[in-house]
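got a sequence here, can you build the structure:
(chains A and B)
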2 protein chains.
Amino acid sequence: MAEYILHKVDGRAKRGTFKTVHGDIETPVFMNVATVGAIKGAVSTDDLHQIDTQVVLSNTYHLHVRTGDETIKELGGLHKFMVWDKPILTDSGGFQVFSLADLRKIKEEGVTFRSHIDGHKIFMGPEESMQIQSNLGSTIAMAFDECPNALAEYDYVKNSVARTYRWLVRCKKKMAELNAREDTVNKNQCLFGINQGAIYEDLRIENARRISELDLDGYAVGGLAVGESHEQMYHILDVVVPYLPQNKPTYLMGVGTPQNILEAVDRGIDFFDCVYPSRNGRHGHVYTNKGKRNLFNARYEKDMRPIEEGCHCPACRTYSRAYIHHLLKAKEMLGLRLCVLHNLYFYNHLMEQIRNAIDAGEYATFKKNKLDELQEVSREEK
Amino acid sequence: MAEYILHKVDGRAKRGTFKTVHGDIETPVFMNVATVGAIKGAVSTDDLHQIDTQVVLSNTYHLHVRTGDETIKELGGLHKFMVWDKPILTDSGGFQVFSLADLRKIKEEGVTFRSHIDGHKIFMGPEESMQIQSNLGSTIAMAFDECPNALAEYDYVKNSVARTYRWLVRCKKKMAELNAREDTVNKNQCLFGINQGAIYEDLRIENARRISELDLDGYAVGGLAVGESHEQMYHILDVVVPYLPQNKPTYLMGVGTPQNILEAVDRGIDFFDCVYPSRNGRHGHVYTNKGKRNLFNARYEKDMRPIEEGCHCPACRTYSRAYIHHLLKAKEMLGLRLCVLHNLYFYNHLMEQIRNAIDAGEYATFKKNKLDELQEVSREEK
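Below is the predicted model of the structure:
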């Protein structure tokens, strides 16, 4: 089992180190999304070292249906395949199965669905998800869960959470078996459980209590940022995080904006992931400490300043807004790549600032000032 | 005027150094094509330093119609804009005007055509082309020419070559004026003339004689690789290069395959450019010393070797054929970028091997062995 060292608590914000077989993760941390084993936007793992990425997140479903986890295992596992020696977290495939795949059918055993690539039938349950993630050999595997819509009806959510709990028990058992096998890629693979329950406080709390008893390597809060308001999301975190073990890492799945992250850290979250920085980058939208800028905007045509003055990312160290604007207009892939590199660096660096603020016991002030700052550009661009 | 030092002649192959205001160019050299001021495939100028690029070629027409040469001048010129401090050669815009633009109309003054982007009317003649290239501030400007099809009729080509010669005289005059102006970006901008004449030996030779008398910084052979056979192209080089000054750099425009380059160097050519390595890379076709490989091919699914064993490019130093195959199948931009980086490195490195062979006085043997080697993979893949 990986060790989580809790260095400091500031308010409810946690500052920790998660020690894994692929190196230490300093938390709070933002994981950079490498869906199929690569960050979209032509970003290489060489690039990731330059932007101080600590952890990447890859998608079990995508890797299972294309190239295949068995092939990747045969080639030495995902770390070797994508040439990345730091931690990798794989999701369980559940979210994609429930959102991307066609014709899904849920039973106690698991889910039958059709591949979105070639339509062939696939069955995935807790054991299959663990087997796939074990084949990939990621640092952290996620439990196989159903992620009901945050606004789904109470009874549906109650049944779903109960089943997801039974699945979690099966995941834990299967992972222990797989980690004990001789030919396993990563015998120290960690397993994080996932708290579900939509916006129903009692379901969330009961589930948090039960999964905490399983003594897993870490605990995620799932099923948020899928329909509810930000206020509802923050409220659920207020309600549920206190029922998750403080001496284990916590992970808010699929969240979110810099503002969301600042608020969630303040409610005790260690891990984050989100496609926003890479997706926005691919649309020419870049993050700065004074809010987002749209580099397609004609105001940047002759602007020879970097995206953000003082930023040390590979885009800002070398190139101007004017050049990137030109590349975007000309549909040159380099424009997208530079925006993605900047945005991921921005997120990675925001997390570093957050860690420093918690270390200094000044998180509340830091958060307030940062939230104010982040408003500025939207005004300037208007 | 830039200085060309001819170090050695081996057979007819030349080994030179072209000393420019942006640094020395060791020849024979392959220029990497950066159409709009960036190499297609998300390759940055930071990347170009890693793959030993000496010179990039940018397109006057594309930069004129998008973002605009006047804007680029205002921002300090193309070097500053794209952040590249080594030599840049700009083409004249002629080739694009005659191939891309709609509704062109040729007169003695120049050509009227419509932008392929928004359809607006543009006039470009020798003076306009020089003005645009001066605004960009490239190291080497190309004369404005008409590039008739290699298989065009004799009378058409004869008239065209005569007009292109008159345009060249105007280019030279205009460039001298522009270089003398106070506000010019690069007061040492070089001008290369272009030999035309399709496959008609007498027209080629007469034109070569006349343009040589103008004492320009260098001389290109244009209008080849646009319809004629390889044998016809080599024959024209046999015929015309002896009439171009040996103490000036020679440039075979838009050529070509490694085989073409090996043959053309043997006929006295110093400079090359071609979209093949980047375009092929974007289609997953990679060059190796044993011929081209198609990384989409299923045979590479589990092949953990680099694209080419022993290659020091950023793709081969880190990633496997299996991973790149996976990226290409998944349509990840990183796959294209790695293939483009490898291919450009392959071409740049081929030129280095060529220079070493000429230095050693062993070009004939080198060429023969290399041509044999380059056949191998096509057989292996079959």
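
and the residue nearest to the spatial centre of chain A, how far from A:Ala225?
Against the mean C-alpha coordinate of chain A, by C-alpha atoms, centre = their mean, the closest residue is A:Asp273 at 2.1 Å. As judged by C-beta to C-beta, to the nearest Å, A:Asp273 and A:Ala225 stand 11 Å apart. Quick note: C-beta positions are derived from backbone N, CA and C, even for glycine.

pretty sure the residue nearest to the centre of chain A contacts A:Val33?
Yes - at 5.9 Å, A:Asp273 and A:Val33 qualify as touching, with contact defined as C-beta atoms under 8 Å.

intersection of neighbour lists for these two?
Contact criterion C-beta atoms under 8 Å, 6 or more residues apart in numbering or on different chains; residues shared by A:Asp273 and A:Val33: A:Leu57.

hmm, back to that, overlap in contacts, A:Asp273 and A:Ala225.
Common neighbours of A:Asp273 and A:Ala225 (criterion: C-beta under 8 Å, 6+ apart): A:Met253, A:Gly254, A:Val255.

want to throw those into JSON lines with distance to B:Gly110 and secondary structure?
What follows is the shared contacts of A:Asp273 and A:Ala225, written out as JSON lines (distance: C-beta to C-beta, whole Å; DSSP: H, G, I helix; E, B strand; the rest coil):
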{"residue": "A:Met253", "distance to B:Gly110": "62", "secondary structure": "coil"}
{"residue": "A:Gly254", "distance to B:Gly110": "58", "secondary structure": "coil"}
{"residue": "A:Val255", "distance to B:Gly110": "59", "secondary structure": "coil"}
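
who wins for neighbours among those residues?
Counting neighbours by other C-beta atoms under 10 Å in any protein chain shown, the top entry in the shared contacts of A:Asp273 and A:Ala225 is A:Met253, with 25 neighbours.

which pLDDT value belongs to the nearest residue to it once chain neighbours are set aside?
Spatial nearest neighbour of A:Met253, excluding adjacent residues (C-beta to C-beta, 6 or more residues apart in numbering or on different chains): A:Gly222 at 4.7 Å. At A:Gly222, the pLDDT value in this model is 95.

out of the shared contacts of A:Asp273 and A:Ala225, the closest to chain B would be?
A:Gly254 (20.8 Å; C-beta to the nearest C-beta).

spit out the contact partners of the closest residue to A:Ile140 other than its chain neighbours.
Leaving aside its sequence neighbours, A:Ile140 sits nearest to A:Leu89 (C-beta to C-beta, 6+ apart; 4.2 Å). Applying C-beta under 8 Å, 6+ apart to A:Leu89 gives the contacts A:31, A:55-58, A:138-142, A:192, A:271, A:273.

secondary structure, pLDDT and distance to A:Asn294 for the residues you listed - can I get that in TSV?
Shown next, in TSV, are the contacts of A:Leu89 (DSSP: H, G, I helix; E, B strand; the rest coil; pLDDT from 0 to 100; distance: C-beta to C-beta, whole Å):
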residue	secondary structure	pLDDT	distance to A:Asn294
A:Met31	strand	98	25
A:Val55	coil	98	29
A:Val56	strand	98	27
A:Leu57	strand	98	26
A:Ser58	strand	98	29
A:Ser138	coil	98	35
A:Thr139	coil	98	36
A:Ile140	strand	98	35
A:Ala141	strand	98	38
A:Met142	strand	98	34
A:Phe192	strand	98	36
A:Phe271	strand	98	29
A:Asp273	strand	98	24
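
would you reformat those residues as TSV and include distance to B:Leu350?
Shown next, in TSV, are those (distance: C-beta to C-beta, whole Å):
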residue	distance to B:Leu350
A:Met31	41
A:Val55	40
A:Val56	35
A:Leu57	40
A:Ser58	36
A:Ser138	40
A:Thr139	41
A:Ile140	45
A:Ala141	46
A:Met142	47
A:Phe192	50
A:Phe271	47
A:Asp273	43
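
so who does the residue in the stretch 1-150 of chain A positioned nearest to chain B touch?
Here the stretch 1-150 of chain A gets closest to chain B at one residue, A:Ala42, 3.7 Å apart by C-beta to the nearest C-beta. By C-beta under 8 Å, 6+ apart, the contact set of A:Ala42 is A:Met333, A:Leu336, A:Arg337, B:Gly41, B:Ala42, B:Glu332, B:Met333, B:Leu334, B:Leu336, B:Arg337.
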